[in-house]
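Student: Dropping the sequence and predicted coords here.
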Amino acid sequence: MTVVGLDDTDSRERGMCTTYAANEIAQRLRRAGADVSRLLLVRLNPAVEYKTRGNAALAIHTDCDPDRAFAIARERLEALAETADDRTHPGLVVADHGPNEAPDDVRSFARRAFRTLLERADATALIDRHGYRAWHAGNGRGRIGALAAIGAWRALEDWTYEHISYRGPERWGTPRDVGHESVFAAADRGYPRVWDTVDRGEDDTVCVPHTPGPILYGIRGDDPDAVRAVADRIESEPVASSQLFVTNQGTDVHLRDETLEAVRDGRAYRVDGRVASEPETRRGGHVFVTLEGAKSGDGGGEPPALECAAFEPTKRFRDRVRALRVGDRITACGEVSRGTLKLEKVAVRDLVTTERVTPTCPDCERTMKSAGRNQGYRCRDCGTSAAKKATAALERDLEEGWYEVPPCARRHIAKPLVRGGFDASIHPER
């Protein structure tokens, strides 16, 4: 067996897509008489600054001779990679073993690639150690993702599927012709095994990209037959080719459990804390709230704190964040950048259900007035008094459980609530 890993062929401005390059290589391998058992679409750490939108790397599992596979893959990458963009640095790594035989250090490298930042030297050292065939253009950064894709099959257990349909090259860069109503109808047929196809709240066909690349639409879900069936029901311009990918999309593998004081930029976390500030809507419609952790064991100093944000593209999710109150206890999930956690989902663990209010006179039922500093409250009409504020029930617009950003704002790697497996009740977005 042979594993072909590749990464970083696309451009934010010029298009292309590494999944398309992998599909082209797989087709050439098949035409050369090789069997291709699967294609992996591996999403790496979404907090990497130099990534294109989804930070994807690809692996092809095949029985092709490694030298022949390397030659075919290199030829295709040299032809397809958008190296005219000085931010595109494609990499190719070919391993002469099966996906289940990836060495432990390559598996560990893949695991780290999902959650941390790696250097080119980390990849090249492992490539040399194991005698893998490798090629790159530019600064060779793509070899990091290519090597991670080789170790991914051993590194992960939770897999989903994406069925991607591609456009003919003559249509790249032109508006896509996809039947809006047919996408929604197909999405309804496939849900919940097929998810993030549309966003009903925004009336958005999420599965149809807006970039100038070759993808016509991509259908994601937990069942390979179900994603194919949804794709087949969509009315669109002619599909030039299609490919089923096994992927770690929708798995939350990027999240690590940490305490607030351990949070660092460039990683994604699942952290617990207490809401320490009233939610604030700032310019642009972004909503910010401060999360506070527990004080240190000796009780000294201020408790650790972390600013969390629901940015404008998360749309109606911001209303969930605006509904938080000081004292609520939550679990916050998301990437940390410049000291701010970009919220992907939130679990409400404990809600404040009472508030302190100015007492009411028991005789005339009017609100009492302050009697002066530290002197309690007094009804000026009846003369009755109260030593302190009263406690009143507080109506809340939130329930305990998990809330998530809508499909239009979902990261590729973030797990939709509808997939299940969460530790509290869920409030899925569709």
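Tutor: Ah, there it is.

Student: okay, now the domains of this structure?
Tutor: Listed domain ranges for the chain are 2-155, 160-247, 255-353+395-427, 354-393 (source: automatic domain parsing).

Student: Buried deepest among those domains, which one?
Tutor: Mean neighbour count, computed with mean count of other C-beta atoms under 10 Å, is highest for domain 2-155 among these, reaching a mean of 21. Backbone N, C-alpha and C define where each C-beta goes, glycine included.

Student: Report how many residues lie close to the nearest residue in space to residue 156 that is not next to it in sequence.
Tutor: For residue 156, ignoring the flanking residues on the chain, the nearest one in space by C-beta to C-beta, 6 or more residues apart in numbering is residue 248 at 5.5 Å. Neighbours of residue 248 under the rule other C-beta atoms under 10 Å: 24.

Student: For residue 248, give me its contacts.
Tutor: Each residue near residue 248 by C-beta atoms under 8 Å, 6 or more residues apart in numbering is listed here: 41-43, 114, 152, 156, 158-160, 413.

Student: out of the residues you listed, which are inside helices?
Tutor: Secondary structure assignment by DSSP state H places 114, 152 of the contacts of residue 248 in helices.

Student: Can I get the contacts of residue 248 in TSV including pLDDT and distance to residue 144?
Tutor: Shown next, in TSV, are those (pLDDT from 0 to 100; distance: C-beta to C-beta, whole Å):
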residue	pLDDT	distance to residue 144
41	98	16
42	97	12
43	96	14
114	96	12
152	98	13
156	97	17
158	97	22
159	98	21
160	98	23
413	96	16
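
Student: Throw the contacts of residue 248 into JSON lines and include distance to residue 390, thanks.
Tutor: Shown next, in JSON lines, are those (distance: C-beta to C-beta, whole Å):
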{"residue": "41", "distance to residue 390": "58"}
{"residue": "42", "distance to residue 390": "57"}
{"residue": "43", "distance to residue 390": "52"}
{"residue": "114", "distance to residue 390": "51"}
{"residue": "152", "distance to residue 390": "59"}
{"residue": "156", "distance to residue 390": "55"}
{"residue": "158", "distance to residue 390": "50"}
{"residue": "159", "distance to residue 390": "55"}
{"residue": "160", "distance to residue 390": "52"}
{"residue": "413", "distance to residue 390": "48"}
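
Student: what's the nearest residue to residue 195 if we skip its chain neighbours?
Tutor: residue 416 (4.9 Å).

Student: now the one you found: how far from residue 115?
Tutor: To residue 115, residue 416 is 20 Å away according to C-beta to C-beta, to the nearest Å.

Student: before we move on, the earlier item: quickly note the distance from the residue nearest to residue 195 to residue 276.
Tutor: 29 Å.

Student: How about residue 358?
Tutor: Residue 358 is 24 Å from residue 276, where distance means C-beta to C-beta.

Student: where in the chain is pLDDT low?
Tutor: The model of the chain has pLDDT under 70 over residues 11-16, 50-54, 83-86, 296-300.

Student: Is it correct that residue 109 falls within a helix?
Tutor: Yes - under DSSP: H, G, I helix; E, B strand; the rest coil, residue 109 falls within a helix.

Student: quick one: contacts for it?
Tutor: Contacts of residue 109 (C-beta under 8 Å, 6+ apart): 118, 122-123, 126, 147-148, 151.

Student: Output the residues you listed as CSV; include the columns secondary structure and distance to residue 308.
Tutor: Below are the contacts of residue 109 laid out as CSV (DSSP: H, G, I helix; E, B strand; the rest coil; distance: C-beta to C-beta, whole Å):
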residue, secondary structure, distance to residue 308
118, coil, 26
122, helix, 31
123, helix, 33
126, helix, 36
147, helix, 33
148, helix, 28
151, helix, 32
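
Student: Which single one of those residues is nearest to residue 369?
Tutor: If you rank the contacts of residue 109 by distance to residue 369 using C-beta to C-beta, residue 118 comes first, at 63.9 Å.

Student: give me every residue that touches the closest one.
Tutor: Contact partners of residue 118, counting by C-beta under 8 Å, 6+ apart, are 109, 112, 144, 148.
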